[in-house]
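J.: Fold the following, please.
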Amino acid sequence: MTVRRRAVRAGALVGFVGLWQLLTAQRVRLWLRFDHLPTAGQVGAALWQQLGTGQYWQDLADSLRRIGSGFVLAAVLGVAVGVLTARSRWAGDLLEPVLEVVRPIPAIALVPVAIMLFPENEQGIVFITFVAAFFPVVVATRHAVRAVPPVWEEAVRTLGGGRWRVLWTVVLPGALPGVVGGLSVGIGVAWICVISAEMVSGQFGVGYRTWSAYTVLDYPGVFVGMATIGLLGWATSGAVELVGRRLTAWLPPAGGQRPRAGRPVRAGAGG
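T.: Below is the predicted model of the structure:
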């Protein structure tokens with residue numbers, strides 16, 4: 001990313017915060033009631049105060065641990081199930097009907113099920129996070145594997161490659177860009193659901209602390225929680241995309257390579 005693009009992005013964030021400060025400080029009340037919201041300065045002061053407390057960092061660690069556990073499980077099992085259902089007709093016939101029935105159910109709607117299944121809230125929240133990330137990874141992997149051109153497999157089989165060689169050297173590398181896209185979507189959905197689960201049944205974490213601030217009418221504290229959630233989601237999604245770019249570095253650029261500058265080649269032997 002160029003310096004100019006970084007400057008534009010930073011300017012957009014500064015402009016957003018400045019507009020927020022202007023509308024709330026002037027207590028603008030049109031169709032939207034900005035006079036009920038804390039100013040950006042008040043939220044910044046509350047954030048600075050919380051940064052000096054151990055509770056804030058402990059909540060961050062708790063939410064990140066839940067996200068890490070649920071997302072890693074979803075990534076491993078989601079890729080495995082996606083490849084299996086795409087490559088095996090029997091696995092597809094057995095698993096896809098169940099997956100397609102369960103997939104439309106919002107993960108947060110499974111909170112009562114998690115409470116009944118698991119003896120501790122912590123395990124239930126990790127389960128909700130896992131379910132939220134699992135289905136985007138499965139669907140993306142399944143479609144990516146099925147989109148691999150059959151001619152690639154035939155070329156390896158012609159050279160004597162077996163089923164596992166085709167899987168590891170053709171199918172998985174060919175499907176990797178689609179899998180990375182599913183992982184990127186999955187981490188975002190996982191954050192939405194883990195925060196919701198913490199608000200509903202958690203006893204600690206960023207979501208729990210944000211809801212607790214709302215119950216005592218600490219609106220700057222609510223916005224601190226919202227900003228923290230946004231930054232954590234941005235950072236983790238960026239980390240997933242960065243790993244994905246490193247794993248797919250062998251792919252050509254999206255726009256194709258520019259031809260190298262040089263003298264044109266003339267037709268004919270004599271020039």
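J.: Tell me which helix or strand the nearest residue to Leu95 once chain neighbours are set aside sits in.
T.: Nearest non-adjacent residue to Leu95, counting by CB to CB, 6 or more residues apart in numbering: Thr85, 5.3 Å away. The way it works is simple: take the backbone N, C-alpha and C, and place the C-beta from them, glycine included. In the assignment (DSSP states H and E), Thr85 maps to helix 54-87.
J.: ok, for Glu122, nearest residue in space, not its chain neighbours?
T.: Nearest non-adjacent residue to Glu122 (CB to CB, 6+ apart): Arg66, at 7.6 Å.
J.: Looks like the one you found contacts Gly205 (just checking).
T.: Yes - when contacts are counted by CB atoms under 8 Å, Arg66 is listed as touching Gly205 (6.9 Å).
J.: intersection of neighbour lists for these two?
T.: Common neighbours of Arg66 and Gly205 (criterion: CB atoms under 8 Å, 6 or more residues apart in numbering): 125, 194, 198.
J.: Could you list the residues in contact with stretch 235-244?
T.: With CB under 8 Å, 6+ apart as the test, stretch 235-244 has contacts from 67, 176-177, 180-181, 183-184, 187-188, 191.
J.: rerun at 7 Å
T.: Contact with stretch 235-244 is made by 67, 180, 183-184, 187-188, as judged by CB atoms under 7 Å, 6 or more residues apart in numbering.
J.: For Met1, state which of those residues is nearest.
T.: Top of the list for closeness to Met1, among the contacts of stretch 235-244 and by CB to CB, is Ser184 at 17.0 Å.
J.: Now do the same contact list for that closest one.
T.: Counted by CB under 7 Å, 6+ apart, Ser184 has contacts 237, 240-241, 244.
J.: hmm, back to that, count of neighbours near the residue nearest to Leu95?
T.: Neighbour count of Thr85, defined by other CB atoms under 10 Å: 23.
J.: go on, Gln203?
T.: There are 10 residues near Gln203, going by other CB under 10 Å.
J.: ok, now how distant is the residue nearest to Leu95 from Leu37?
T.: 47 Å (CB to CB, to the nearest Å).
J.: now swap in Ala147 and tell me
T.: Remark: distance between Ala147 and Leu37 (CB to CB) = 46 Å.
J.: neighbour-wise, which of the two wins?
T.: Taking other CB under 10 Å, Ala147 and Leu37 do not tie; Leu37 has more neighbours (19 against 12).
J.: Please, which helix or strand holds Trp31?
T.: Counting by DSSP H and E, Trp31 is found in no helix or strand.
J.: my bad, should have said His143
T.: With DSSP H and E as the test, His143 turns up in helix 121-146.
J.: So for the helix or strand just after that helix, mean pLDDT?
T.: Next along the chain after helix 121-146, taking DSSP H and E as the criterion, comes helix 150-158. On average, the pLDDT along helix 150-158 is 76.
J.: list the helices and strands the helix or strand that helix 150-158 is followed by packs on?
T.: Later in the chain than helix 150-158, the nearest helix or strand by DSSP H and E is helix 163-166. Counting contacts by 3 or more CB pairs under 7 Å, 6 or more residues apart in numbering; DSSP states H and E, helix 163-166 is packed against helix 150-158.
J.: dump the residue contacts of the residue nearest to Glu122.
T.: Counted by CB under 7 Å, 6+ apart, Arg66 has contacts 125-126, 129, 194, 205.
J.: cutoff 6 Å now
T.: Shown in contact with Arg66 (CB atoms under 6 Å, 6 or more residues apart in numbering): 125-126, 129, 194.
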